[in-house]
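1. Kindly generate the corresponding structure for this input.
(2 chains)
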Protein chains: 2
Amino acid sequence: MRISELSQVTGVSVATLKYYLREGLLPTGTPLSATRADYGESHVERVRLVRTLIDVAGLSIGRVREVVRALSDPPRSRHDLLGTAHAVLRRSSPDGAVMDAHDRRLSDQLIDRLGWRIAEDSVARAQLGAALDRARRDGLEISEETFAVYAGAALLMADRDVRDELGRESASEALRYVILGNVLSDPVVIGLRRLAQEHVSARKFGER
Amino acid sequence: MRISELSQVTGVSVATLKYYLREGLLPTGTPLSATRADYGESHVERVRLVRTLIDVAGLSIGRVREVVRALSDPPRSRHDLLGTAHAVLRRSSPDGAVMDAHDRRLSDQLIDRLGWRIAEDSVARAQLGAALDRARRDGLEISEETFAVYAGAALLMADRDVRDELGRESASEALRYVILGNVLSDPVVIGLRRLAQEHVSARKFGER
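-> The predicted structure is shown next:
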């Protein structure tokens, strides 16, 4: 397809597509003549990924370039892709603080006890450590029992997430769906948690 | 105890405590003389609640006054307290948008299907609706099956939350713990979700 058609399919203006080409976010199409090129389905997917990274994950153009570059370096396993997605999500979140050594030990102990397969330099490990650190600093101790309940709930969700999102055929789409899935469904999960609290409280403390 | 002792116990300066007294956030103590008053455990709890509302939930002094006023109007059931906490949490979150009628219908249908006891004017209902609305607008459809998995996970967490937090003897402490529990443990739950994704992905797509 021509660039005008790529624009129609993706809803992104031709001027913006040309900007993405100049910035290296979108690979050039197959040349048809000195001024025209042909674009395919992989370009449509790339444009959608770039929009998601900018609009939903709130990334800068420079960071988008790093992410799409990581995507282009073969071979990337689906597991590597998830690591890229988590790094994107972590950097786009307001709380990107570094943990001190003590917190690192605490969260590592909790993770060891779960017996999950987690890389030493995992972004998710650091993110959880920062959240546990803040909870303790602000006066909330989470007991081991409660932590285990939350971990069980997280595993139920993650099984679903990985199947729905990471299993997609195209690497670009898998990355996009993992990011969309996390950014947009985290608030759904939080909303459901409040709703479930209301239901449990109504049963336990409510009238009738 | 004297105001100086209340300051020591809570870690809040005497000047700030006097400000809370003037603003009606803290009830006056039992007068001992024209210039001295006696404060008790309920004052300690109130000061802690006020600090949590300001520091952790990010509320303005005006909103804190509303919340502590709601707390003082007896009789308040634990279930009512949860509603107050959810309203506090909702207003302090960045996304306090109003849903349109269509989204309301969508989330109401999903909630009906869960069979949970949720009030018509529930804050949690509105919050979930706004999250579902945004997900759909930004291109993520959450299937019924996935929604059901998330709801099951939320129920596991909520059972624990209500027991750990809302069941506390003092109403002030119950309210404080529900707010602390949600604000500080939401990021822990999100961190655990990412960690669980890594574990599931490592099992499914990782090497070895």
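
2. So for chain A, the centremost residue is which one?
-> A:Ile179 (3.1 Å; CA atoms, centre = their mean).

3. got the contact list for it?
-> For A:Ile179, the contacting residues are A:52-53, A:56-57, A:85, A:88-89, by CB atoms under 8 Å, 6 or more residues apart in numbering or on different chains. In short, each C-beta sits where N, CA and C put it, glycine included.

4. any idea how far B:Ala70 is from it?
-> To B:Ala70, A:Ile179 is 39 Å away according to CB to CB, to the nearest Å.

5. Over to A:Arg51?
-> 43 Å.

6. Pull out the buried residues from stretch A:62-75.
-> Buried residues in stretch A:62-75, defined by neighbour count with 16 or more other CB atoms under 10 Å in any protein chain shown: A:63-65, A:67-68, A:70-71.

7. Also stretch A:28-35?
-> Going by neighbour count (16+ other CB under 10 Å), the buried part of stretch A:28-35 is A:Gly29.

8. now what about it, what contacts it?
-> With CB under 8 Å, 6+ apart as the criterion, stretch A:28-35 contacts A:3, A:21, A:37-40, A:43.

9. Drop anything exposed from the residues you listed.
-> A:3, A:21, A:37, A:39, A:43.

10. State which helix of chain A is the longest.
-> In chain A, assigned by DSSP state H, the helix with the most residues is helix A:171-205.

11. Quick one: mean pLDDT over that one.
-> Computed over helix A:171-205, the mean pLDDT rounds to 89.

12. quick check: angle from it to helix B:171-205?
-> Between helix A:171-205 and helix B:171-205, the angle comes out at 150 degrees (axes from the mean of the first three to the mean of the last three CA atoms, to 10 degrees).

13. hmm, who's touching the one helix or strand in chain A whose mean pLDDT sits lowest?
-> Least confident helix or strand, chain A: helix A:101-114 with a mean of 78, by mean pLDDT, DSSP states H and E. Helix A:101-114 is contacted by residues A:99, A:118, A:125, A:128-130, A:132-133, A:136, A:144, A:147, A:151, B:195, B:199 when judged by CB under 8 Å, 6+ apart.

14. Quick check: buried residues in the helix or strand following it?
-> Using DSSP states H and E, the helix or strand that follows helix A:101-114 in sequence is helix A:123-137. Using 16+ other CB under 10 Å as the test for burial, helix A:123-137 gives A:123-135.

15. restrict these to those near chain B?
-> A:123-125, A:127-132, A:134-135 (CB under 8 Å from any CB of the partner chain).

16. Kindly reformat these as JSON lines containing pLDDT.
-> Shown next, in JSON lines, are those (pLDDT from 0 to 100):
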{"residue": "A:Val123", "pLDDT": "86"}
{"residue": "A:Ala124", "pLDDT": "88"}
{"residue": "A:Arg125", "pLDDT": "89"}
{"residue": "A:Gln127", "pLDDT": "86"}
{"residue": "A:Leu128", "pLDDT": "90"}
{"residue": "A:Gly129", "pLDDT": "88"}
{"residue": "A:Ala130", "pLDDT": "87"}
{"residue": "A:Ala131", "pLDDT": "88"}
{"residue": "A:Leu132", "pLDDT": "89"}
{"residue": "A:Arg134", "pLDDT": "86"}
{"residue": "A:Ala135", "pLDDT": "87"}
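
17. and which of the residues you listed is nearest A:Gly191?
-> A:Ala131 (18.6 Å; CB to CB).

18. list the contacts for the closest residue to that closest one other than its chain neighbours?
-> Nearest residue to A:Ala131, sequence neighbours excluded (CB to CB, 6 or more residues apart in numbering or on different chains): B:Pro187, at 3.8 Å. Contacts for B:Pro187 were tallied using CB under 8 Å, 6+ apart; they are A:95, A:130-131, A:134-135.

19. And A:Glu169, by the same measure?
-> A:Glu169 neighbours (CB under 8 Å, 6+ apart): none.

20. quick one: pLDDT of the nearest residue to A:Ser143 once chain neighbours are set aside?
-> What sits nearest to A:Ser143 in space, not counting adjacent residues and going by CB to CB, 6+ apart, is B:Asp164, at 7.7 Å. Note on B:Asp164: pLDDT of 80.
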